[in-house]
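>>> whatever this is, show me its structure:
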Amino acid sequence: MNPSSTKWVLGHKVTTHDTTGDYDLMIAETPPQVQGPPPHLHKSYKESFLIVEGEMEFFVNGEVKIVKSGESVDIPPNTLHTFSNKSEAVCKWINIHSPKGFRDFFEQMGIPADEEDAIEKSVAPEIVGKVIQTAQDYDMIIKV
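Have a look, this model is predicted:
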């Protein structure tokens, strides 16, 4: 993995990968007890999550489900969702957005992983505020 493409985004360690297809691909690690983004939807993106290690709690259109290692969840466009790691273990997961474009969110909102205190900086109030203010620019419609 290219360390320069690894960033902390809202408490999650995200590594983006180049693809030749019309989708964005990334792998992430979520530490124990870390909340995901605010409930949101994407008007144009289809999103898929594959849990590689551990488990993640998903909220999808009002339903809560635990997705464990080896399981996946697909999120169609216009589907309200969020996720969090409520377990005591790290969760490793793969995320795909189709069509391409959402990768820019991770690159713009993330703190380089090799920067001192990157995880803490990624959840600082000014970053969270920036995410909320600019989310629509990335087709991320926040619903609170």
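
>>> can you show me the CA trace of stretch 89-108 as CSV?
What follows is stretch 89-108 as a C-alpha-only set of coordinates in CSV (Å, rounded to 0.1, in the frame of the first residue of the first chain):
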residue,chain,number,x,y,z
ALA,A,89,-11.7,-5.1,18.3
VAL,A,90,-10.5,-3.3,15.2
CYS,A,91,-12.8,-3.7,12.2
LYS,A,92,-11.1,-4.0,8.7
TRP,A,93,-13.4,-3.4,5.7
ILE,A,94,-13.5,-2.7,2.0
ASN,A,95,-15.6,0.0,0.6
ILE,A,96,-16.7,0.6,-3.0
HIS,A,97,-18.6,3.6,-4.5
SER,A,98,-20.0,3.5,-8.0
PRO,A,99,-19.7,5.5,-10.2
LYS,A,100,-16.3,7.1,-9.5
GLY,A,101,-16.1,10.3,-7.6
PHE,A,102,-16.5,9.8,-3.9
ARG,A,103,-12.7,9.2,-3.4
ASP,A,104,-12.3,13.0,-3.4
PHE,A,105,-14.1,13.1,-0.1
PHE,A,106,-11.5,10.9,1.6
GLU,A,107,-8.7,12.8,0.0
GLN,A,108,-10.0,16.2,0.9
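
>>> buried stuff in it?
Using 16 or more other CB atoms under 10 Å as the test for burial, stretch 89-108 gives 91-93, 95-98, 101-103, 105-106. (Glycine included, C-beta is placed from N, CA and C.)

>>> check stretch 123-143 too.
For stretch 123-143, burial by neighbour count (16+ other CB under 10 Å) applies to 123, 127, 131, 135, 138-140.

>>> and it, end to end?
By CA to CA, to the nearest Å, the extent of stretch 123-143 from end to end equals 19 Å.

>>> model confidence over it, on average?
What stretch 123-143 shows for mean pLDDT is 95.

>>> run the chain-centre distance for it.
Stretch 123-143 sits 13 Å away from the centroid of its parent chain (CA atoms, centre = their mean, to the nearest Å).

>>> for stretch 121-131, same thing?
Distance of stretch 121-131 from the chain centroid (CA atoms, centre = their mean) equals 15 Å.
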